[in-house]
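> I would like to see how this sequence folds:
(one chain, ligands or ions: 1)
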Amino acid sequence: MAKEGTEMTEETEHMIEKNGAKETEHLVSAGDTKEMRAVILSGFGGLNKLRVTKKAMPEPQEGEVKIRVKACGLNFLDLMVRQGNIDNPPKTPLVPGFECSGIVEAMGGNTKGFEIGDRVMAFVNYNAWAEVVCTPLDYVYNMPDDMTFPEAAAFSMNFVAAYMMLFEVANLREGMSVLVHSAGGGVGQAVAQLCSTIPSVTVFGTASSFKHEAIKDSVTHLFDRNADYVQEVKKISPEGVDIVLDCLSGENTGKGLGLLRPLGTYILYGSSNMVTGETKSFFSLAKSWWQVEKVNPIKLYEENKVIAGFSLLNLLFKQGRCGQVKTVVEKLFSLYNQKKIKPVVDSLWALEEVKEAMQRIHDRGNIGKLILDVEKSPTPLDDFAGHSRDSCLHE
Ligand SMILES: NC(=O)c1ccc[n+]([C@@H]2O[C@H](COP(=O)([O-])OP(=O)(O)OC[C@H]3O[C@@H](n4cnc5c(N)ncnc54)[C@H](OP(=O)(O)O)[C@@H]3O)[C@@H](O)[C@H]2O)c1
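This next block holds a predicted model:
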């Protein structure tokens with residue numbers, strides 16, 4: 001049953017419509033037991049567009065698993081969704097969130113492989129930030145026994161994206177070198193850990209300087225995010241690097257391509273530089289894509305360079321590659337069970353603290369992943385003033 005927190009906003013949400021799919025409209029009346037807490041994005045914009053509200057609890061359809069959510073992953077992409085800074089944004093209001101972990105509570109028909117009570121990790125095409133979610137079984141994975149719910153919520157997006165880029169797109173092998181931006185973030189730390197599973201891989205990383213001490217063991221050469229990293233890399237490796245992972249976009253595309261060794265691969269997988277404040281900036285959006293579109297294929301041919309793009313959510317939800325992703329998840333779980341990788345959790349936040357959690361990313365404060373812990377009570381405001389939230393590692 002849905003828990004009723006005292007901080008809960010007493011509102012009723014109607015319909016969420018996205019990608020042409022409609023949720024059945026539910027009006028939640030007082031005393032209705034089939035309700036749950038969920039984070040709602042009421043419209044695109046700043047942090048004030050987010051709130052926690054009561055919402056009708058979904059029931060599993062054919063092929064779907066109903067999950068009692070314990071923890072949800074908060075990704076940089078969620079900031080971009082909030083701003084409407086993505087291609088074909090869905091209609092609002094919506095429940096954000098693309099990944100969660102929890103316990104299977106019910107199943108629709110044809111859900112072989114899962115049982116009520118299973119501990120699972122899942123991708124969801126929106127709607128993850130709620131007490132209960134339903135998602136097709138193709139996106140649900142039984143968690144390793146030793147993995148905690150916050151770890152699982154920190155795992156799927158970051159490690160699957162990092163693994164597929166390194167091993168399936170760029171073919172990382174022994175002795176290669178990799179440049180990764182935002183090396184202290186969720187994906188950045190997953191990239192660094194996966195590189196350490198291959199002998200003699202050199203990792204160059206950029207990150208805000210205050211993170212360097214905490215992440216120095218995972219990255220071979222660290223540069224401040226404002227440094228001229230092209231010059232810094234060339235000082236150490238005049239030939240450049242084999243793989244550039246670019247989540248910043250903008251002028252970094254040209255710089256990244258320029259840094260590639262022959263047969264090297266540049267992968268564009270994000271556009272963090274488009275986020276310049278709390279709300280969307282059309283100027284930075286235009287600037288970012290202008291730079292990317294200036295890539296010349298003939299130059300790539302002459303210089304023996306590969307340019308690639310990667311979007312895990314499109315692969316999963318638009319291009320039907322869930323089987324391939326499932327195989328990757330199995331490989332990653334094996335690495336986790338061998339204690340070769342472990343998600344870095346920055347901090348845990350109650351659903352009601354989603355604005356403060358997002359602000360921490362805007363402020364570049366996170367090292368690793370932020371988690372929304374569905375069972376956590378909000379930290380009293382006095383404690384926020386003293387910055388004593390439930391931080392896992394670094395405060
Ligand atoms: N394509 C895919 O499938 C895929 C999947 C997952 C993530 N991504 C992308 O990968 C990137 C990292 O994602 P993540 O979820 O792991 O986030 P994250 O790296 O934990 O994001 C937060 C960090 O990004 C850095 N940053 C760069 N530009 C920023 C800006 N404009 N505002 C605030 N922080 C900025 C900051 O670190 P420093 O100050 O230390 O640089 C900040 O601490 C994002 O661009 C995301 O969209 C793509």
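> going by C-alpha atoms from here, please, whenever you check contacts or count neighbours.
OK.
> give me the residues contacting stretch 169-179.
For stretch 169-179, the external contacting residues (CA atoms under 8 Å, 6 or more residues apart in numbering) are 166, 198-205, 241-245, 264-265, 308.
> got it, and stretch 111-127?
Outside stretch 111-127, the residues that touch it by CA under 8 Å, 6+ apart are 62-65, 67, 94-107, 133-135, 137, 139-143, 152-153, 156-157, 313, 317.
> mind giving me the PyMOL command for buried ones among those?
PyMOL command restricting the contacts of stretch 111-127 to the buried ones, with burial defined by 16 or more other CA atoms under 10 Å:
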select buried, resi 63+64+65+67+94+95+96+97+98+99+100+101+102+103+104+105+106+107+133+134+135+137+139+140+141+142+143+152+153+156+157+313
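> filter the contacts of stretch 111-127 down to the ones near the ligand?
Restricting the contacts of stretch 111-127 to those near the ligand by CA under 6 Å from any ligand atom leaves 157, 313.
> now intersect the contacts of stretch 111-127 with the strands, please.
Those of these mapping onto strands are 64-65, 67, 99-107, 133-135, 140-142, per DSSP state E.
> shaky segments in this protein?
Applying pLDDT under 70 to the predicted model, the residue ranges of the chain that meet it are 1-33, 282-293, 380-395.
> show me which residues of it sit near the ligand.
Checking the chain against the ligand by CA under 6 Å from any ligand atom, the hits are 75-77, 157-158, 161, 182, 184-188, 207-208, 225, 247, 269-273, 275-276, 310-313, 361-366, 368-369.
> could you identify the buried members of the residues you listed?
Listed as buried from these are 75-77, 157-158, 161, 182, 184-188, 207-208, 247, 269-273, 275, 310, 312-313, 361-362, 365-366, 368-369; burial here means 16+ other CA under 10 Å.
> looking at those residues, which are in helices?
Of these, the ones assigned to helices by DSSP state H are 76-77, 157-158, 161, 186-188, 312-313, 361-362.
> the spatially most central residue of the chain and Leu268, how far apart?
The C-alpha lying nearest the average C-alpha coordinate of the chain belongs to Asn75 (CA atoms, centre = their mean; 3.6 Å). If you measure Asn75 against Leu268 using CA to CA, to the nearest Å, the figure is 17 Å.
> same question, Arg37
Per CA to CA, Arg37 is found 36 Å from Leu268.
> need the longest helix for the chain.
Longest helix in the chain by number of residues, with DSSP H as the criterion: helix 322-337.
> tell me the buried residues in stretch 70-90?
Applying a neighbour-count criterion of 16+ other CA under 10 Å, one finds 70-85, 90 buried in stretch 70-90.
> same question for stretch 209-221.
Across stretch 209-221, burial judged by 16+ other CA under 10 Å covers 211-212, 215, 218-219, 221.
> which residues sit against that stretch?
Outside stretch 209-221, the residues that touch it by CA under 8 Å, 6+ apart are 183-184, 189, 192-193, 196, 202-205, 222-225, 367, 394.
> what does stretch 37-50 give?
When contacts are taken as CA under 8 Å, 6+ apart, the neighbours of stretch 37-50 outside the stretch itself are 2-4, 8, 51-55, 81-84, 92-96, 129-131, 278-280, 351-352, 354-355, 358-359.
> can we see that at 7 Å?
For stretch 37-50, the surrounding residues in contact (CA atoms under 7 Å, 6 or more residues apart in numbering) are 2, 51-55, 82-84, 92-96, 129-131, 278-280, 351, 355.
> among these, which ones are in strands?
Of the positions in these, 51-55 sit in strands, assigned by DSSP E.
> follow-up on the earlier one: among the buried residues of stretch 209-221, which ones are in helices?
Judged by DSSP H, the buried residues of stretch 209-221 include 212, 215 as members of helices.
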